[in-house]
Every structure is written in C-alpha cells, then in structure tokens.
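J.: Provide a 3D model corresponding to the input given below.
(chains A and B)
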There are 2 protein chains.
Amino acid sequence: MAKINKISGFPEWLPQQKIAEDAVIATIKAIYESYGFAPIETPAVELLSTLGSKGVIDKEIFVVKRLRAEEGDEAELGLHFDLTVPLARYVAQHAHELSFPFKRYQLQKVWRGDRPQKGRFREFYQFDIDIIGRGDLPLSCDAEVVGVVGLVMRALNVGPYSLRINNRKLLSALYAELGLAGATSKAAITAVDKLLKIGPDGVAAELRKIEGISERAVEVILRSTTIQCGPEDLREKIASLNLSSQLIDEGITELEMICELLPPEATERLTIDMSLARGLDYYTGVIVEVGLDKYPEFGTVVSGGRYDNLASEFTDQKFPGVGVSIGLSRLMELLFSEGLIETKKVSPSVALVTVYDESDRAFCNSVAHQLRTAEVPTEVYFKAPKLGKQIEYAESKGMRYVFFIDSGTRQIKVKDIQTKEQREIASINEWLSSR
Amino acid sequence: MAKINKISGFPEWLPQQKIAEDAVIATIKAIYESYGFAPIETPAVELLSTLGSKGVIDKEIFVVKRLRAEEGDEAELGLHFDLTVPLARYVAQHAHELSFPFKRYQLQKVWRGDRPQKGRFREFYQFDIDIIGRGDLPLSCDAEVVGVVGLVMRALNVGPYSLRINNRKLLSALYAELGLAGATSKAAITAVDKLLKIGPDGVAAELRKIEGISERAVEVILRSTTIQCGPEDLREKIASLNLSSQLIDEGITELEMICELLPPEATERLTIDMSLARGLDYYTGVIVEVGLDKYPEFGTVVSGGRYDNLASEFTDQKFPGVGVSIGLSRLMELLFSEGLIETKKVSPSVALVTVYDESDRAFCNSVAHQLRTAEVPTEVYFKAPKLGKQIEYAESKGMRYVFFIDSGTRQIKVKDIQTKEQREIASINEWLSSR
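T.: Here you go, the predicted structure:
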C-alpha cells in the first residue's frame, strides 16, 4: 500500500478552509476589478534562462523535467518563484497585443525550492496587481496602487494593520547628501532594511562597514529611520535632518502628491515611514508594505513599489511599472492558526431536501431544482435513512434549512436550523418570497 | 538580452481570453455549488510514489527537483497529471476530517510530460466533480453527476452537444453471455473504445485477436455498438441482441433509474450509447462522455464515470465514487479558435473618468470612487492628454461609459459609447438610479 507522507512546505486546506480562502480571494478580486485591473495567467513554468535573467539564480528554483527526458531533449524549465518575472516576460512577448497602461491582476501559485524547513512554504499563492506603462508612467498610478492596497486591507477586516510607504528617490537623495551614492547608497538601504531584525545598534554596525562612510552619515541615517509621520508633517521632519537638495525636495513632493490622491478610506492607517527601505534592488520610487499590528513577527502581508524598467532583460522598450504582491497563502495560514477567520462552512450548501422514501426521490429532486434555480445551493440526501440522521448531516455541513416532503400529500415542511422554527409551506415559491 | 521562446504545450491567454475563461469558470462553478459541491485544492506536486501508485508511470510525468538538490536530499516529487490521484490521496489522508458523501469540485492545472508536439497541451486546466461515499454509494449519486453535466453543457451554450452514457456493468454482463470474462472482457472493452478511431471493421479485427472469442461474439458485440437510444427503448433494443441474464437486467435497470432521476433540462441531449466503452480500467458502473456535434474530431469535452474504490492504494477503507472531469483549457482553445465565445472585453472596466487637467484628478478620483462603490468598475485616465485620446482608450478597452468633469463648475457629463448619447447629470447617484 502506498504510504501517505505530508510533503513539507506544500500547504493543503480542508474544504472549510478553502471556502474561507475563496471568500478572501473574491473580496480582493472585486476591489482589483473595480479599478479595471484585468486578469492574466501565465504557465507554471518558464525557461530557466528567463527565471535566471535578473541574476536571481540564488533564489532556489524548482527544475521541471520529463521523467523520460533524454539528454538535450528540450529547453530546461523551472517553476516560477514569483509573478513579476513571468509578468515581465508576458509584457515583452505580448506588448503589441496589449493596451497601455496595462493594468493586470494575477492570482497564481509560486514555488520556492528552499530546503524543507518548518513554517516555510515552498508552494504558495501570490495575488498581485501591477500597472505597466509604455515609455513613462505618472505618479497617479503609484497613488492608485497604494489606494487599492488600503481598500483591500480595510475590506479584509483582519484586525489593525499598518500601511507604510516611503520613496526610494527620497532615500537616495538623503544618502547622496551624506556622501553615499551607487553601491554605497545601496549598501545603506540594505542595512536600514534590517532594522526590525537587528535593531538600531545592528544597523549602525552594518552602516559602519560601508567604505568611506562618515560617523555623521551613520548618525543622520539612524535618526532618519525614526521619522514616521503623515504627509502633512513630512517636509518639516525631513528638514530637521538638516539635509537639503532639489532631489530631496522632489522626493518629498512625490510622497505628498501620492497621499493627496488617495481615497480617504485608504489613508486611515497610512504612515510615511523613513525606516522602510525594502531589500530588493529594482525599486526606484515609492515602496509599500503592510503588516498586521498584532503579529509583527509575521512580517509583511503586502509589499511592492515602483520600478523603472520591468522587462529590460527581454526588450529595448521601456516599461516602467508599479505594483504590489499579497502573500495570500501565508496570510490564510495566519488567519486559520489565530482563528481570525470563520471556517464553519464545510460546503456551499444552504438547504437539504430530506428523502423519506426512495420512491419520493424524483419529486425531492424537483423541489431541489426549484431552490437551486433561485440560487439556494441545495442537496438532496443521497439515501433514505431515518430523518434524524439526515438532519444531522445538514447540521454537520452547516446548512440552514431542511425540507421535509410528505410522501402521500406532497406537502412541504421546512425547518430553519438556526431559529429552530418549523412550518408548512404552500410551495417553494411562497417560501422563497417570504424567507 | 534573454530570448523569449514560446514553450510548446503551455497555453497562455491574452487578457480578453482570460476574462472569457473566467466567465466560463464562473458558470460551471455556480452549477457545481448549487448542488453543494465544495471546493478543494491540492498541491501541484505529489510524491512520485503516489503518482505511480496505480501503475500509471507510463503517463508521462514531469519530475520536480530543487535546482540545488543533493543526492538523497528528500522525497522525489512530480507534478500531478490528473485530479483523481490527488483526490484519492486527499480522501485517504483527511477521511477522518471530512463529511461523507464527500462532494467536491476542483479546478486546477494538470501537467503531462509528453514529448512536445503540435496541438497537444502539456499544461491544462481540469474542472472536476466527484461524489465519494464511505462504504457504499447509491445510484442517486450517479444520477446527480450526470444531471450536473447536462446542466453545465446547457449553460455553456457552445452549440449542439451529445451527452452519452453507458454502464460498464451492462457491457460486462453482455460480454459474459458471449463467453468473455476478466481479461478477455477488458480486451473487448478496449477494442470497442476504439470504434470512433478505427471504425467497425477495425474493431472487429481487434476483437478477433482476443483468445477464444467466437465469431458470434464478434458479430453481437459489433451489433451492440449500434444501439443508441433513450431509456424508454433500452430494454427492447438489448433484448434484440438475444442475450439475457440477471446481470444484464440489473445493468439495464441501473441506466433506467439514473435517467428517471435526471432534471428534464439535463436529458435534452442524452443518449444511452452502447458503443461508449471508455478506455480506463477503473470504471465499474455508469460511464459518461460529452462531445460537441460540430467538432467530432475534437474528442470529449467532459468524461467520467463510476468507480468502486477510489483510494485502494492508500487505505483498506472502501471509498466508492462517481465523477467527471471537464477539459477546460482544451475547450477554451476550441472556443477561441472557432470564435464560439466573445472576447471583446479586454478589461473589467465599464466606465472611464476623463481628466481635463491634473488639478482635477483628486475630484475625478472621488467620482470614480462613487461609481466603484456602486459596482461599476471604473478607471480614471492616468494622464491628462486631449479628451479624444482618452475616449479612444475607453473604446479600445471596451468600456461603455465616459465621464467628463467640468474643471470649474464640477459639472459632470456622461457619454454612452454604445448609444452615442451624451447628457449632463446632476450627480453620480442620479445617474446610477437612472441608467
């Protein structure tokens, strides 16, 4: 007999969890679509040369090979590890068939070929949006993406969260005034990005490793990371660092403009946070992160930002973009383990039509058919045991209504499991209009 | 620069195709859920030992390995090639946490590690339902699955189709009366299954290869394959073969009972077809296939049937089941290539709010927000070029309404692209209630 081993890192939900996940997906999707983001989907695999095109071969990749492949048989394939590389390839490949700005959402699993370890997913859903321009892309798009993130977090209703934004341009401009540019500026960003993990002293130590960095630069950078404020205070707070330049001014103005364009519902929990740096190289403007206040150790639920050139590995055309990724499976795992989401529904069924005798089944089916047509998901019990057993089944599946058919008279009774009320009805239509 | 090569066999849709596919998915899902089927999802990978457990290692499997895996590092994984093997493993693994009969639907990609060849998908969606019993499962479930197939095909509205059913029990009973049993009976089923491909003469030749088969058996089997009828004529047609036994009688009765329990809408295009045999070994009762009448060479859109023991490789418990699989990606490819489905919508957007001047953008956003809240997917144009250009964009994305904001007075005009009508409105709410 084949042994069943759980495969570490590949989460699998029970039906009641999948139903809860589908509800979360529907909530997010409705917001994405309300802004006109269109769905796309790419294959699970890309050429290994595509996956490695940004030099990210150190992300652990799962290679995919035919069991019966022969040497040199065909191109080497790997499972995608995010949705950004496939998007870049998609945009470059289909650019002539797309309308720009190209606004897409994409819900797909991604795979990380990490060594198996506890609590680390190797297969998980990401739910991304991006707006891609051809040539250029104005700040209105950055604001739109940040706004959508705020609306999504509000709609998910999973407890207090922080929506933090910053601007890579502003960071670079500040660091430039402190004598850091190019590689040393990047190194400073990498150091600041570790603040939550290693604390201010750790960041100071990291900064001091940067060649030629001054003690004042270390001190001012550390001080800058304590700036957390709304857009109305940003200019003054930055001024207190005693650094100024045209680029700094522009960086501040960008953040102010973005905030001005946000819907009020999206700004409730918004902070401009100068300690937010984000590790990835490719961000060039606004950066965004969302965390849940009660679960700081959980890390980010949503993250993203602006990049100048999405598909530079594939084409000479310039495709600037801005987007975010929601780590859906990780979020669901947290919601399940902390009981932040209801998982009572083990089935879509709302009503059960009981069967007193097999000879009634065709009639029971016709009753169920009427209910289904009126968008009441309905099951007919699959056998005809004692009614108590059938009612138990309805309860175990979280159904609300149980219908009883009188075999002789074909009269219908309905019991509301929630209110425990039972009544006779003249017809299903009567019940539908009165419930 | 990285080269973009299309990976043969991995279909990828444009946004307008994905939107059309999503609409098809929503139609099927609504019917599945109306019957109380619950969603599940399994990882893309299974242990190779699980995938090979039915001895189907000759299905070409894609093996998945970490790029940096070391010898003996971990269990060997492969991408699932159908949704039945993962379902069997899921049911065996989670049986104690599931309610039976377990009714599940599952929409996932599957992968076939075939050698690349034209027109053959190596990654595609299947959209399955199954009802799994613990111990036993009555015929009411077979009828439910056949009924759902009928309703799905009707709702898809993609031209005339044939819903054909048969009963493996009846076939075995007939063949038994002709002296075939066990391996020779299976061989006869395999031969009959090739009827469409190789014709009656070909089938006769295949049958004659079966050891010990009589010429009468060949003749009667061939004659049986010409029986295509409704349930009301089945008994008489079978009687004309001059074969009778208790098992034959039972097989006929089963088909009659199933047909009796179908909703009328599902029987419109139903035929009991004695030439339907289905190749797979594991079917033990009713078998089902749907084809599109205008595209016989396309093969089946839906197929499935009853099996006695889903998870015998994993557990001693008996889990009989009945289910079908819709070959979604193949179907979509046909609908696209034959123009059987509309692909005009390249975005969910219904309305565009134009921007006359960047200083209006915040107000434009608030107008868009009102529309979105009323479930009108809306974009605000991302820049502020000439209005003609903005209208073109709305048209190119298939939007219906364009809103114009007077920068000074903040009066709103709306143009209906379809009717070409343009009018001034007092407020978005007024428009929403009057459109």
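J.: Helices of the stretch 51-200 of chain A, residue ranges please.
T.: Using DSSP state H, counting those that start in this stretch, the helices found in the stretch 51-200 of chain A span residues A:84-94, A:139-156, A:168-177, A:183-193, A:195-208.
J.: Pull up the gap between A:E260 and chain B, please.
T.: Taking CB to the nearest CB, to the nearest Å as the measure, A:E260 falls 6 Å from chain B. C-beta here means a position set from N, CA and C on the backbone, and glycine is covered the same way.
J.: Which helix or strand contains the residue found closest to that residue once you drop the neighbours it is linked to in the chain?
T.: Closest residue to A:E260 apart from its sequence neighbours, by CB to CB, 6 or more residues apart in numbering or on different chains: B:A362 at 6.2 Å. Assigned by DSSP states H and E, B:A362 belongs to helix B:361-373.
J.: got the buried residues for that helix?
T.: B:361, B:364-365, B:367-372 (16 or more other CB atoms under 10 Å in any protein chain shown).
J.: just so I know, which of the helices of the stretch 51-200 of chain A lies nearest A:I428?
T.: For the helices of the stretch 51-200 of chain A, proximity to A:I428 was assessed by CB to CB; helix A:139-156 is nearest, at 34.2 Å.
J.: wait, does that closest one make contact with chain B?
T.: Yes. Counting by CB under 8 Å from any CB of the partner chain, chain B is contacted by helix A:139-156 at A:140-141, A:144.
J.: Backbone torsions only: list them for the residue nearest the centre of chain A.
T.: Chain A has A:I326 as the residue nearest its centroid, 2.0 Å off, counting by CA atoms, centre = their mean. Main-chain dihedrals, A:I326, degrees, to the nearest 10: phi -100, psi 130.
J.: bridging residues for the nearest residue to it once chain neighbours are set aside?
T.: Distances taken as CB to CB, 6+ apart place A:F127 nearest to A:I326, at 4.3 Å, with adjacent residues excluded. In this entry, A:F127 is beta-bridged to A:L107, A:I326, by DSSP bridges.
J.: ditto for A:T300
T.: Residues in beta-bridge contact with A:T300 (DSSP bridges): A:G291.
J.: Tally up the residues packed near it, please.
T.: Counted by other CB atoms under 10 Å in any protein chain shown, the residues lying close to A:T300 total 19.
J.: and it, what is it in contact with?
T.: For A:T300, the contact set (CB atoms under 8 Å, 6 or more residues apart in numbering or on different chains) comprises A:289-291, A:327.
J.: What of A:L47?
T.: Shown in contact with A:L47 (CB under 8 Å, 6+ apart): A:75-78, B:5, B:7.
J.: want to throw these into CSV with distance to A:R423 and neighbour count?
T.: Below are the contacts of A:L47 laid out as CSV (distance: CB to CB, whole Å; neighbours: other CB atoms under 10 Å in any protein chain shown):
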residue, distance to A:R423, neighbour count
A:A75, 66, 13
A:E76, 66, 15
A:L77, 61, 22
A:G78, 61, 25
B:N5, 66, 11
B:I7, 60, 19
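J.: What about those residues, which are in strands?
T.: Counting by DSSP state E, the part of the contacts of A:L47 found in strands is A:77-78.
J.: Share the number of residues neighbouring A:V324, please.
T.: Each residue near A:V324 was counted by other CB under 10 Å, and the total is 22.
J.: Please tell me how far A:R235 sits from A:K397.
T.: A:R235 is 58 Å from A:K397, where distance means CB to CB, to the nearest Å.
J.: Nearest to A:V376 among the contacts of A:T300?
T.: Checking the contacts of A:T300 against A:V376 with CB to CB, the nearest one is A:G327 at 35.1 Å.
J.: Would you mind confirming that that closest one is in contact with A:R112?
T.: No. A:G327 lies out of contact with A:R112 (CB atoms under 8 Å); the separation is 11.7 Å.
J.: ok, the residue of the stretch 251-400 of chain A found nearest chain B - how many residues close by?
T.: Closest residue of the stretch 251-400 of chain A to chain B, CB to the nearest CB: A:S349 (3.5 Å). If you count neighbours by other CB under 10 Å, A:S349 ends up with 25.
J.: what do you get for A:A95?
T.: Neighbour count for A:A95, taken as other CB under 10 Å: 17.
J.: try the one 4 residues further on
T.: Residues lying near A:S99 (other CB under 10 Å) number 15.
J.: and A:V24, what element?
T.: In this assignment (DSSP H and E), A:V24 forms part of helix A:15-34.
J.: tell me how far that helix is from the chain's mean position?
T.: Its chain's C-alpha centre and that of helix A:15-34 lie 10 Å apart, by CA atoms, centre = their mean, to the nearest Å.
J.: any idea how far A:K237 lies from chain B?
T.: Remark: distance between A:K237 and chain B (CB to the nearest CB) = 24 Å.
J.: Domain map for chain A?
T.: A:7-158+A:299-346, A:160-293, A:351-434 (automatic domain parsing).
J.: tell me the mean pLDDT for the longest one?
T.: Throughout domain A:7-158+A:299-346, pLDDT has a mean value of 92.
J.: same check, this time on the shortest one
T.: Model confidence over domain A:351-434 averages 95 on the pLDDT scale.
J.: if you skip the residues just before and after it, what's nearest to A:M332?
T.: Closest residue in space to A:M332, ignoring its immediate chain neighbours: A:E21 at 5.1 Å, by CB to CB, 6+ apart.
J.: Can you get me a residue count around A:Y282?
T.: If you count neighbours by other CB under 10 Å, A:Y282 ends up with 16.
J.: Please look at it and A:Y307 and confirm they touch.
T.: Yes. Shown here, A:Y282 and A:Y307 form a contact pair, counting by CB under 8 Å, at 4.7 Å.
J.: can you list the residues of the stretch 151-300 of chain A near chain B?
T.: Applying CB under 8 Å from any CB, one finds that the stretch 151-300 of chain A approaches chain B through A:260-261, A:263.
J.: Give me the buried subset of those residues.
T.: Listed as buried from those are A:261, A:263; burial here means 16+ other CB under 10 Å.
J.: picking up where we left off before, neighbour-wise, which of A:R235 and A:K397 wins?
T.: Using other CB under 10 Å, the more surrounded residue of A:R235 and A:K397 is A:K397, with 21 against 15.
J.: Tell me the spatial nearest neighbour of that one, not counting adjacent residues.
T.: Leaving aside its sequence neighbours, A:K397 sits nearest to A:S347 (CB to CB, 6+ apart; 4.6 Å).
J.: residues in contact with the one you found?
T.: Here A:S347 is in contact with A:15, A:19, A:377, A:379, A:397-399, B:36-38, B:99, B:103 (criterion: CB under 8 Å, 6+ apart).
J.: can you rerun that using 7 Å?
T.: A:S347 is in contact with A:15, A:397-398, B:36, B:38, counting by CB atoms under 7 Å, 6 or more residues apart in numbering or on different chains.
J.: ok, now A:G323?
T.: By CB under 7 Å, 6+ apart, the contact set of A:G323 is A:128-131, A:145, A:304.
J.: List just the nearest of those residues to chain B.
T.: Among the contacts of A:G323, A:I131 lies closest to chain B (CB to the nearest CB), at 7.6 Å.
J.: wait, isn't that closest one in contact with A:S140?
T.: No. Using CB atoms under 7 Å as the test, A:I131 is too far from A:S140 to be in contact (9.4 Å).
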